[in-house]
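Colleague: Just the structure for this:
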Amino acid sequence: MGPNGSGYKVLVIDDSNTIRRSAEIFLKQGGHEVLLAEDGFDALSKVNDHKPHLIFCDILMPRLDGYQTCAIIKRNAHFSNVPVVMLSSKDGVFDKTRGRRVWSQDYLTKPFTKDQLLQAVQQFGIVQQEVQ
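Modeller: The predicted structure follows:
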């Protein structure tokens, strides 16, 4: 569970309203607080303002893609320990490797299930809590 004994604060970044809403429903059902961003620029301000415990970030987005967004978050000393899980409809080795190069913790292929999403929160939320 999150630092306050309840769920984690999770930011979902995706330009697809359907994916954002699906993730929001799944995460809220798991007892987590959910923040939504439709692109990388929107996400950067939400990361700064709300300090999420975990971030799910789509790769293919307009203006600022997921790799760029992740790299910017990870370069900031205040947020470098926040786990980022990349989201993509692609399941290729190249995409996973590129995600690791910008310091993402994992890679989830869309469409994801409720169980996959909540398992990632459990796994990486615990890691982030130990770092704080």
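
Colleague: For the rest of this, base every contact and every neighbour count on C-alpha atoms.
Modeller: Will do.

Colleague: where in this structure is pLDDT low?
Modeller: Along the chain, segments meeting pLDDT under 70 span 1-6, 90-103, 126-132.

Colleague: now the strands: where do they sit in it?
Modeller: Taking DSSP state E as the criterion, the chain contains strands spanning 9-13, 33-37, 54-58, 84-88, 106-109.

Colleague: list the contacts for the residue most central in space within the chain?
Modeller: In the chain, the residue lying closest to the centroid (C-alpha atoms, centre = their mean) is F56, at 1.7 Å. Contacts here follow C-alpha atoms under 8 Å, 6 or more residues apart in numbering; on that basis F56 touches 10-13, 84-87.

Colleague: Please tell me which one of those counts the most neighbours.
Modeller: For the contacts of F56, the largest neighbour count, defined by other C-alpha atoms under 10 Å, is 30 neighbours, found at I13.

Colleague: pretty sure that one is touching L36, no?
Modeller: Yes: counting by C-alpha atoms under 8 Å, L36 is a contact partner of I13 at 6.1 Å.
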